[in-house]
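Engineer: next one to model:
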Amino acid sequence: MSFWLKKRPRYARQHPLGYRIMVYVIACSFIFILFSTALQLSLDYRRELKAIDQQVELIRSSYLASLAKSLWDVDQAQVELQLLGIHTLPDVIYLSLQDKKLSGNLQLPALEAPPENHQVQIHSFNLIHTTASLQQRHLGRLEVSFDMQAVYARIWQTGLSVLLNQTLLVLLIVLVILVIVQRQITRHLESMADYSRRIGAGQLGEELTLIRAKPKQPDELDQLAGALNEMGRAIQRDRDQLQQMVERRTASLRRAKEAAEDASNAKSQFLSTMSHEIRTPMNGMLGMIQLLENSSLTKVQQDHIRVLHDATDSLMETFDHVLQYGRLEEGAYISSESDFSLQQLLTNLMMLMTPGAEKKQLTLALQQPDDLPPCYFGAAGSLRQILTNLLANAIKFTDQGGVTLSCYLTTETEDKDKTENETDQQHALSVEQGSQHIEQRAQTIEQHILRFEVQDTGIGIEPELQQHIFDRFTQADESITRRFGGTGLGLAISKALAQALNGHMGVESQPGTGSCFWLELPLQVSTEQNLIAVHDAEADTPLEVSANSKTYSKHLPTSPALKASTPHILLVEDVEINQQVVQGLLEGHYLISLAEEGQQALQLCQQYCFDCILMDMHLPGLSG
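Structural biologist: As a prediction, the model looks like this:
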């Protein structure tokens, strides 16, 4: 279609209305021409047939009687003369006379029979002579051939002449109509279209004026021009009113935005303050509970302390989730990217989750490829939190069987040709994280799409509930909340973290057979070699390694403590309960000095050389 539009004449592209009118007029005219030509051909054909009939009647009335008498008298000269007279008729092409009296056929010597394929119309006449005694004698038969091919040729010649004349007349009429349409209609419509385009572009200052002799009475074009001018004025009024309304709304929105930002800042400040104010006594409670657990207690007291510890942990976890989801909703979450070992991250994660799995007598397995790169660049903390949430949920909702964490590559993309914009972003990121990452980021040339799957044999999720499982404060149903507890924020936080890292999360589950939560995340392969050394598992570590999987069934033993002199630790804390907790946890193992504010801590640092400083960020006076 577009090719045909490009091949149209320039007039058709510039004046489509005039072109269509021309096409319609020509089409209708040619239909009329064909009809009139066909009618003319039909009339001419009838006229030619009538002329032949008249010639036949002339032969019958004028020649047959005299020809019969000449044959009766055996006057061959007279017969030939009469036959020549018949042959001179306009459409007679051949004559044939069968004469019984002369016992043969009498033919004119100069006449030649037409070819067999020649179109002729043959008329036969019986030659009968009436004697003096009124007796009729049949003398023979005369056959006259009329040339129908000549008749058809005259008809077609006349038709072509009529067709050509009428076509020239129609083309002349069409040309006149096009000139009239262009002068009276098309050029004014083009002016109106141009005026409408100017209105669409916002040029409302000028009014439409048709360049033509003003008619005595306003016609349709004048009415259309007036309507367009009125429309332009209405649009101008509406635009002015809309501009004023937009300015008022903009001012109102600006004030609302400032108020919302103030409220958001106030909320953030409140959350930050509440985070510190609530965490401080909560940490103190946890510390005191741990001190009580290490003291001599009866079995009932130990059970009470364990319940108190679990409840405090749950409350602390709920509070952390609410705070973190609030930061994610506000867009205040900033992921910290660095080089990390994915294998070490997964190993540490399995070590962290093993006690919970052993407590429920569940198997905990890790499946990962053996050819993972030693170093990736990305937000290791966010990845660790997502996988921790998924594994914790899997262990929580599984009563028998096990949980498997799988990791494998899906795609690899090379990015050797960096754009200037990406290079600028890398440089800005490097400035924030340290000058040592500039060289490392420049060496990153490959990106992997990693897929993590956490498969459990737990209770599963109904299909209609899977689409809402990642909503905040949402669990499968109320019975799940009553049975297993939780806030319903873990998966919502995980999905928000995945989206912040340009990743995707989903779930596949069947009720009663278990669930599979998956995470696809892009991570850049780093060539950084100066990684902090990690503790390698010894050969006797109870870690079963197969070709494609690693299964953890027991705690990995911790490295033995190094024997050295008693370390000296400075504790900078202004809350008394926290001072007591830390002192209770560390006394007997370390030498502890206490400072309640920053200035006092600086003075102690000038007097002593401390091996470690434990400092609260929020301190009176000089901040931590």
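Engineer: could you say what helices and strands the helix or strand encompassing Leu160 packs with?
Structural biologist: Using DSSP states H and E, Leu160 sits in helix 148-181. Judged by 3 or more Cβ pairs under 8 Å, 6 or more residues apart in numbering; DSSP states H and E, helix 148-181 is in contact with helix 16-58, strand 120-130. Where you see a C-beta, it was placed from the backbone N, CA and C, and this is true even at glycine.
Engineer: return the distance of the helix or strand just after it from the chain's centre.
Structural biologist: Sequence order places helix 187-200 as the next helix or strand after helix 148-181, per DSSP H and E. Distance, stretch centre to chain centre, for helix 187-200: 35 Å (Cα atoms, centre = their mean, to the nearest Å).
Engineer: and helix 187-200, average pLDDT?
Structural biologist: For helix 187-200, mean pLDDT rounds to 78.
Engineer: and for stretch 581-599?
Structural biologist: Here the average pLDDT along stretch 581-599 is 84.
Engineer: list the buried residues of it.
Structural biologist: Val581, Val582, Gln583, Gly584, Leu586, Tyr590, Ile592, Ser593, Ala595, Glu596, Glu597, Gly598 (16 or more other Cβ atoms under 10 Å).
Engineer: cool, and stretch 189-209?
Structural biologist: Neighbour counts using 16+ other Cβ under 10 Å place Ser191, Met192, Tyr195, Ile199, Leu208 of stretch 189-209 among the buried residues.
Engineer: distance to Phe146, mean neighbour count and mean pLDDT for the helices and strands packed on helix 148-181 - can I get that in a markdown table?
Structural biologist: Formatted as a markdown table, the helices and strands packed on helix 148-181 follow (distance: least, Cβ to Cβ, whole Å; neighbours: other Cβ atoms under 10 Å; pLDDT from 0 to 100):
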| stretch | distance to Phe146 | mean neighbour count | mean pLDDT |
| --- | --- | --- | --- |
| helix 16-58 | 5 | 14 | 85 |
| strand 120-130 | 4 | 15 | 83 |
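Engineer: what is the burial count for the residue nearest to Leu41 when sequence neighbours are not counted?
Structural biologist: In this structure, Leu41 finds its nearest non-sequential neighbour in Gly159, 4.6 Å apart by Cβ to Cβ, 6 or more residues apart in numbering. The number of residues packed near Gly159 is 17, by other Cβ atoms under 10 Å.
Engineer: contacts only, for Gly159.
Structural biologist: Thr37, Gln40, Leu41, Asp44 (Cβ atoms under 8 Å, 6 or more residues apart in numbering).
Engineer: turn the helices and strands packed on helix 148-181 into CSV, including distance to Ala365.
Structural biologist: Compiled in CSV, the helices and strands packed on helix 148-181 are given as follows (distance: least, Cβ to Cβ, whole Å):
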stretch, distance to Ala365
helix 16-58, 72
strand 120-130, 106
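Engineer: to Asn389, which of those lies closest?
Structural biologist: Closest to Asn389 of the helices and strands packed on helix 148-181 is helix 16-58 (Cβ to Cβ; 64.2 Å).
Engineer: relative to helix 187-200, how tilted is the closest one?
Structural biologist: 150 degrees (axes from the mean of the first three to the mean of the last three Cα atoms, to 10 degrees).
Engineer: right, and the helix or strand after helix 16-58?
Structural biologist: Helix 16-58 is succeeded, C-terminally, by helix 64-72 (DSSP H and E).
Engineer: buried residues of that following helix, list them for me.
Structural biologist: Buried, per 16+ other Cβ under 10 Å, within helix 64-72: Leu64, Leu67, Ala68, Lys69, Ser70, Leu71.
Engineer: of those, closest to Met505?
Structural biologist: Looking across the buried residues of helix 64-72 and measuring by Cβ to Cβ, the closest to Met505 is Leu64, at 112.9 Å.
Engineer: any idea how far the spatially closest residue to the closest one that is not a sequence neighbour lies from Arg47?
Structural biologist: Using Cβ to Cβ, 6+ apart and skipping the chain neighbours, the partner closest in space to Leu64 is Phe125 (5.6 Å). Separation of Phe125 from Arg47 (Cβ to Cβ, to the nearest Å) stands at 24 Å.
Engineer: try Ser145
Structural biologist: The value you get for Ser145 to Arg47, if Cβ to Cβ is used, is 20 Å.
Engineer: and what of Asn265?
Structural biologist: In this view, Asn265 and Arg47 are 105 Å apart by Cβ to Cβ.
Engineer: quick one: Glu143 is in a strand?
Structural biologist: Yes: inclusion of Glu143 in a strand is indicated when DSSP: H, G, I helix; E, B strand; the rest coil is applied.
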